[in-house]
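K.L.:
Dropping the sequence and predicted coords here.
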Amino acid sequence: MTEAAKLLASVLLTGIGATAVMDLWAIARKRLLGVPSLDYALVGRWLAYLPRGRFRHNPIAASPPVRSERLIGWVAHYGIGVTFAAVLLAGWGPAWASHPTLGPAMIVGIGSVAAPFLVMQPGMGAGIAASRTPRPMVARLHSLVTHAVFGLGLHAAGWVAALALAA
(Lines give C-alpha, C1' and ligand atoms only; values in the text may rest on other atoms or scores of the structure.)
Protein backbone atom coordinates (compact mmCIF):
# COMPACT_ATOMS: atom_id res chain seq x y z
CA MET A 1 0.00 0.00 0.00
CA THR A 2 1.41 3.41 -0.93
CA GLU A 3 1.89 6.10 1.73
CA ALA A 4 -0.89 8.19 0.15
CA ALA A 5 -3.27 5.21 0.24
CA LYS A 6 -2.32 4.57 3.89
CA LEU A 7 -2.99 8.17 4.80
CA LEU A 8 -6.37 8.11 3.04
CA ALA A 9 -7.27 4.84 4.78
CA SER A 10 -6.22 6.38 8.10
CA VAL A 11 -8.43 9.43 7.49
CA LEU A 12 -11.42 7.23 6.62
CA LEU A 13 -10.98 4.80 9.53
CA THR A 14 -10.30 7.58 12.02
CA GLY A 15 -13.22 9.75 10.89
CA ILE A 16 -15.74 6.93 10.71
CA GLY A 17 -14.56 5.46 14.01
CA ALA A 18 -14.64 8.80 15.85
CA THR A 19 -18.12 9.55 14.52
CA ALA A 20 -19.30 6.13 15.66
CA VAL A 21 -17.90 6.86 19.15
CA MET A 22 -19.86 10.13 19.16
CA ASP A 23 -23.01 8.23 18.15
CA LEU A 24 -22.49 5.69 20.94
CA TRP A 25 -22.18 8.63 23.34
CA ALA A 26 -25.49 9.99 22.05
CA ILE A 27 -27.16 6.64 22.74
CA ALA A 28 -25.66 6.47 26.24
CA ARG A 29 -26.60 10.10 26.95
CA LYS A 30 -30.20 9.41 25.95
CA ARG A 31 -30.45 6.27 28.10
CA LEU A 32 -28.61 7.62 31.13
CA LEU A 33 -29.63 11.28 31.11
CA GLY A 34 -32.78 11.31 29.01
CA VAL A 35 -31.23 13.80 26.57
CA PRO A 36 -32.52 13.20 23.04
CA SER A 37 -29.94 12.99 20.28
CA LEU A 38 -29.88 15.17 17.21
CA ASP A 39 -32.40 14.15 14.53
CA TYR A 40 -30.20 13.73 11.46
CA ALA A 41 -33.27 13.93 9.24
CA LEU A 42 -33.43 17.61 10.20
CA VAL A 43 -29.75 18.02 9.29
CA GLY A 44 -30.51 16.40 5.94
CA ARG A 45 -33.48 18.72 5.46
CA TRP A 46 -31.32 21.75 6.19
CA LEU A 47 -28.63 20.55 3.77
CA ALA A 48 -31.19 19.77 1.07
CA TYR A 49 -32.47 23.34 1.21
CA LEU A 50 -28.99 24.87 0.74
CA PRO A 51 -28.85 24.37 -3.06
CA ARG A 52 -32.31 25.95 -3.19
CA GLY A 53 -30.82 29.11 -1.73
CA ARG A 54 -32.22 28.75 1.77
CA PHE A 55 -29.68 28.79 4.59
CA ARG A 56 -31.78 29.85 7.56
CA HIS A 57 -34.95 28.22 8.88
CA ASN A 58 -37.06 29.29 11.82
CA PRO A 59 -36.98 26.50 12.98
CA ILE A 60 -35.93 23.70 10.62
CA ALA A 61 -38.68 21.42 11.97
CA ALA A 62 -41.28 23.84 10.54
CA SER A 63 -39.84 23.59 7.02
CA PRO A 64 -41.44 20.97 4.78
CA PRO A 65 -39.64 17.61 4.73
CA VAL A 66 -37.57 16.68 1.70
CA ARG A 67 -37.07 13.32 0.05
CA SER A 68 -34.31 11.17 1.62
CA GLU A 69 -33.57 13.76 4.31
CA ARG A 70 -32.64 11.13 6.92
CA LEU A 71 -30.17 9.46 4.55
CA ILE A 72 -28.73 12.84 3.55
CA GLY A 73 -28.29 13.76 7.22
CA TRP A 74 -26.56 10.54 8.21
CA VAL A 75 -24.24 10.52 5.19
CA ALA A 76 -23.34 14.14 5.92
CA HIS A 77 -22.77 13.35 9.62
CA TYR A 78 -20.18 10.68 8.76
CA GLY A 79 -18.73 12.76 5.92
CA ILE A 80 -18.19 15.65 8.32
CA GLY A 81 -16.50 13.28 10.79
CA VAL A 82 -14.14 12.12 8.04
CA THR A 83 -13.49 15.76 7.09
CA PHE A 84 -12.44 16.60 10.64
CA ALA A 85 -10.16 13.54 10.66
CA ALA A 86 -8.60 14.93 7.47
CA VAL A 87 -8.13 18.29 9.22
CA LEU A 88 -6.39 16.47 12.07
CA LEU A 89 -4.03 14.62 9.74
CA ALA A 90 -3.42 17.71 7.61
CA GLY A 91 -2.41 19.61 10.73
CA TRP A 92 -0.31 16.94 12.42
CA GLY A 93 0.69 14.82 9.42
CA PRO A 94 1.50 11.18 8.83
CA ALA A 95 3.48 11.05 12.07
CA TRP A 96 0.23 11.48 14.02
CA ALA A 97 -1.41 8.75 11.93
CA SER A 98 1.39 6.35 12.92
CA HIS A 99 1.45 7.31 16.62
CA PRO A 100 -1.75 9.13 17.59
CA THR A 101 -1.55 11.44 20.57
CA LEU A 102 -4.44 12.79 22.59
CA GLY A 103 -3.67 16.52 22.43
CA PRO A 104 -4.16 17.09 18.69
CA ALA A 105 -7.26 14.86 18.67
CA MET A 106 -8.82 16.89 21.47
CA ILE A 107 -7.90 20.20 19.81
CA VAL A 108 -9.69 19.13 16.62
CA GLY A 109 -12.56 17.44 18.48
CA ILE A 110 -13.33 20.37 20.76
CA GLY A 111 -12.56 22.85 17.97
CA SER A 112 -15.11 21.13 15.76
CA VAL A 113 -17.87 22.50 18.02
CA ALA A 114 -17.45 25.77 16.10
CA ALA A 115 -19.26 24.16 13.14
CA PRO A 116 -22.58 23.63 14.91
CA PHE A 117 -22.26 26.81 16.99
CA LEU A 118 -21.55 29.11 14.03
CA VAL A 119 -23.08 27.34 11.03
CA MET A 120 -25.57 24.56 11.71
CA GLN A 121 -27.44 25.92 14.75
CA PRO A 122 -27.95 29.39 13.25
CA GLY A 123 -29.01 27.85 9.94
CA MET A 124 -31.50 25.54 11.60
CA GLY A 125 -33.08 28.38 13.59
CA ALA A 126 -31.43 27.81 16.97
CA GLY A 127 -29.24 30.92 16.79
CA ILE A 128 -25.50 31.28 17.25
CA ALA A 129 -24.34 28.74 19.83
CA ALA A 130 -27.94 27.72 20.53
CA SER A 131 -28.81 31.24 21.72
CA ARG A 132 -32.45 30.89 20.62
CA THR A 133 -33.08 27.62 22.44
CA PRO A 134 -34.99 27.41 25.76
CA ARG A 135 -31.80 26.60 27.71
CA PRO A 136 -28.81 27.87 25.69
CA MET A 137 -26.14 27.11 28.31
CA VAL A 138 -27.35 23.53 28.67
CA ALA A 139 -27.39 23.08 24.88
CA ARG A 140 -23.88 24.54 24.64
CA LEU A 141 -22.60 22.24 27.37
CA HIS A 142 -24.07 19.18 25.63
CA SER A 143 -22.50 20.25 22.34
CA LEU A 144 -19.13 20.84 23.96
CA VAL A 145 -19.14 17.49 25.76
CA THR A 146 -20.25 15.68 22.59
CA HIS A 147 -17.41 17.23 20.59
CA ALA A 148 -14.93 16.39 23.36
CA VAL A 149 -16.14 12.79 23.08
CA PHE A 150 -15.56 13.09 19.32
CA GLY A 151 -11.98 14.17 20.14
CA LEU A 152 -11.53 11.08 22.32
CA GLY A 153 -12.98 9.07 19.44
CA LEU A 154 -10.44 10.58 17.04
CA HIS A 155 -7.67 9.45 19.35
CA ALA A 156 -9.05 5.94 19.87
CA ALA A 157 -9.96 5.42 16.20
CA GLY A 158 -6.57 6.82 15.23
CA TRP A 159 -4.92 4.07 17.24
CA VAL A 160 -7.16 1.42 15.72
CA ALA A 161 -6.30 2.73 12.24
CA ALA A 162 -2.57 2.86 13.06
CA LEU A 163 -2.61 -0.74 14.27
CA ALA A 164 -4.70 -1.95 11.34
CA LEU A 165 -2.51 -0.22 8.77
CA ALA A 166 0.81 -1.24 10.36
CA ALA A 167 0.33 -4.84 9.35
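P.N.:
That came through fine.

K.L.:
Please state the mean pLDDT value computed over stretch 130-148.
P.N.:
For stretch 130-148, mean pLDDT rounds to 96.

K.L.:
Could you do stretch 21-41 as well?
P.N.:
95.

K.L.:
how distant is that stretch from the center of its chain?
P.N.:
Centroid separation between stretch 21-41 and its chain, computed with C-alpha atoms, centre = their mean, to the nearest Å, is 13 Å.

K.L.:
where are the low-confidence patches of this protein?
P.N.:
Scanning the chain for pLDDT under 70 picks out nothing.

K.L.:
Helices along that one, start to end?
P.N.:
Along the chain, counting by DSSP state H, helices occupy 3-33, 40-49, 69-98, 102-111, 114-115, 121-123, 136-166.

K.L.:
quick one: the second one to helix 3-33, angle?
P.N.:
Going back to what we said before, that points to helix 40-49. 130 degrees (axes from the mean of the first three to the mean of the last three C-alpha atoms, to 10 degrees).

K.L.:
other SSEs contacting helix 40-49?
P.N.:
If contacts are counted by 3 or more C-beta pairs under 8 Å, 6 or more residues apart in numbering; DSSP states H and E, helix 40-49 sits against helix 69-98. No exception for glycine: its C-beta is placed from N, CA and C like everyone else's.

K.L.:
ok, and for the helix it packs on, which residues are buried?
P.N.:
69, 72-74, 76-78, 80-82, 84-89, 92, 96-97 (16 or more other C-beta atoms under 10 Å).

K.L.:
Backbone torsions only: list them for Arg56.
P.N.:
Here is the backbone geometry of Arg56 (degrees, to the nearest 10): phi -110, psi 140.

K.L.:
Then Asn58?
P.N.:
phi -140, psi 80.

K.L.:
and the residue nearest to it when sequence neighbours are not counted, how many residues sit next to it?
P.N.:
The shortest distance from Asn58 to any non-neighbouring residue, by C-beta to C-beta, 6 or more residues apart in numbering, is to Gly125 (4.4 Å). As a burial measure, Gly125 scores 18 neighbours (other C-beta atoms under 10 Å).
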